[in-house]
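Asks: Quick one, structure for this:
(chains A and B)
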Amino acid sequence: EAQVTQNPRYLITVTGKKLTVTCSQNMNHEYMSWYRQDPGLGLRQIYYSMNVEVTDKGDVPEGYKVSRKEKRNFPLILESPSPNQTSLYFCASSPIPSRDVYGYTFGSGTRLTVV
Amino acid sequence: GQQVMQIPQYQHVQEGEDFTTYCNSSTTLSNIQWYKQRPGGHPVFLIQLVKSGEVKKQKRLTFQFGEAKKNSSLHITATQTTDVGTYFCAGMKEYNFNKFYFGSGTKLNVKP
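Replies: Below is the predicted model:
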């Protein structure tokens, strides 16, 4: 089954403790992206990657890191989480965005709470 | 600031009533996509519109892309409880194929 797999689904952590949220897709998509979802703000892009070793900042990159060493994986790293990073996070993938793209496939989400 | 504006933020309807959500951009869009997110779920791709003035239908859902390619709408005829969820538009700006800008979403509640 074509899918984007995120782990963990839920995570409660303390301020300053480094964490990684994993994302993997099995559709051979070039493009992968991380979003955070907050009430009233919709989906805001954190980082995206056009292909292996190619990453770029989205709209809200501060406090986050990513890497794309393999095509299928795109982990999101929070080096020193803070309470304002408490949010619902989604990983998404697609073929390279273009006029012909058929939309993102989203993972099931990771609900992160930083206390 | 928000690149793509979406209204209303919330809509409560009685089952059987119609529903419409609107997206507006200050700049011309190359295309626009619509997604549905059920409560507790993740966004699921519904459709993409590319051409100026394009209209597409999926059963009771009608999607429109404005003539100037700066606005779009999603209309649901005779809502059902299965339509409950948040509907997002996502626009791609012309000459910037790297990203989609998501609207803030419209949360639809349908009372049986």
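Asks: Who are the contact partners of the residue in chain A that chain B sits nearest to?
Replies: Relative to chain B, the nearest point of chain A is A:G103 (3.1 Å; C-beta to the nearest C-beta). From N, CA and C alone the C-beta is placed, and that goes for glycine too. Contact analysis of A:G103 by C-beta atoms under 8 Å, 6 or more residues apart in numbering or on different chains lists A:S94, B:Q33, B:Y35, B:F45, B:L46, B:Q48.
Asks: between those residues, which is closest to A:Q85?
Replies: Among the contacts of A:G103, B:Y35 lies closest to A:Q85 (C-beta to C-beta), at 23.5 Å.
Asks: end to end, how far does stretch A:79-96 reach?
Replies: Start to finish, the residues bounding stretch A:79-96 are 29 Å apart (C-alpha to C-alpha, to the nearest Å).
Asks: anything in that stretch near chain B?
Replies: Yes - Stretch A:79-96 reaches chain B (C-beta under 8 Å from any C-beta of the partner chain) through A:F90, A:A92, A:I96.
Asks: Among these, which are located in strands?
Replies: A:F90, A:A92 (DSSP state E).
Asks: now the residues of stretch A:79-96 next to chain B as JSON lines including pLDDT and neighbour count?
Replies: Converted to JSON lines, those look like this (pLDDT from 0 to 100; neighbours: other C-beta atoms under 10 Å in any protein chain shown):
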{"residue": "A:F90", "pLDDT": "98", "neighbour count": "24"}
{"residue": "A:A92", "pLDDT": "96", "neighbour count": "27"}
{"residue": "A:I96", "pLDDT": "75", "neighbour count": "13"}
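Asks: Contacts only, for residue 55.
Replies: No chain specified, so I'll use chain A. Contacts of A:T55 (C-beta under 8 Å, 6+ apart): A:Y47, A:Y48, A:S49, A:V66, A:S67, A:R68.
Asks: Switch to chain B, please.
Replies: B:T62, B:F63, B:Q64, B:F65.
Asks: ok and the residue in chain B nearest chain A?
Replies: For chain B, C-beta to the nearest C-beta, closest residue to chain A: B:F45, 3.1 Å.
Asks: Spatially central, which residue of the chain would that be?
Replies: With no chain named, the answer covers chain A. A:W34 (2.6 Å; C-alpha atoms, centre = their mean).
Asks: that's the wrong chain, I meant chain B
Replies: In chain B, the centroid-proximal residue (C-alpha atoms, centre = their mean) is B:C89; its distance is 4.1 Å.
Asks: quick revisit: in a markdown table: the contacts of A:T55, plus distance to B:L74.
Replies: Listed next are the contacts of A:T55 as a markdown table, based on distance: C-beta to C-beta, whole Å:
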| residue | distance to B:L74 |
| --- | --- |
| A:Y47 | 28 |
| A:Y48 | 25 |
| A:S49 | 29 |
| A:V66 | 31 |
| A:S67 | 36 |
| A:R68 | 33 |
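Asks: Please narrow those to those residing in helices.
Replies: Among the contacts of A:T55, no residue falls in helices (DSSP state H).
Asks: which of the residues you listed sit farthest apart?
Replies: Taking every pair in these and measuring C-beta to C-beta, the maximum separation is 12.7 Å, between A:Y48 and A:S67.
Asks: Provide the contact partners of stretch A:13-20 at residue level.
Replies: Outside stretch A:13-20, the residues that reach it (C-beta under 8 Å, 6+ apart) are A:11, A:75-83, A:112-115.
Asks: Kindly export that stretch (C-alpha atoms) in CSV.
Replies: C-alpha atoms of stretch A:13-20 as CSV (Å, rounded to 0.1, in the frame of the first residue of the first chain):
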residue,chain,number,x,y,z
THR,A,13,8.9,15.5,26.0
VAL,A,14,10.6,18.1,28.2
THR,A,15,12.1,21.4,27.1
GLY,A,16,15.6,21.0,25.7
LYS,A,17,15.6,17.2,25.1
LYS,A,18,16.6,16.5,21.5
LEU,A,19,14.1,14.4,19.6
THR,A,20,13.6,13.1,16.1
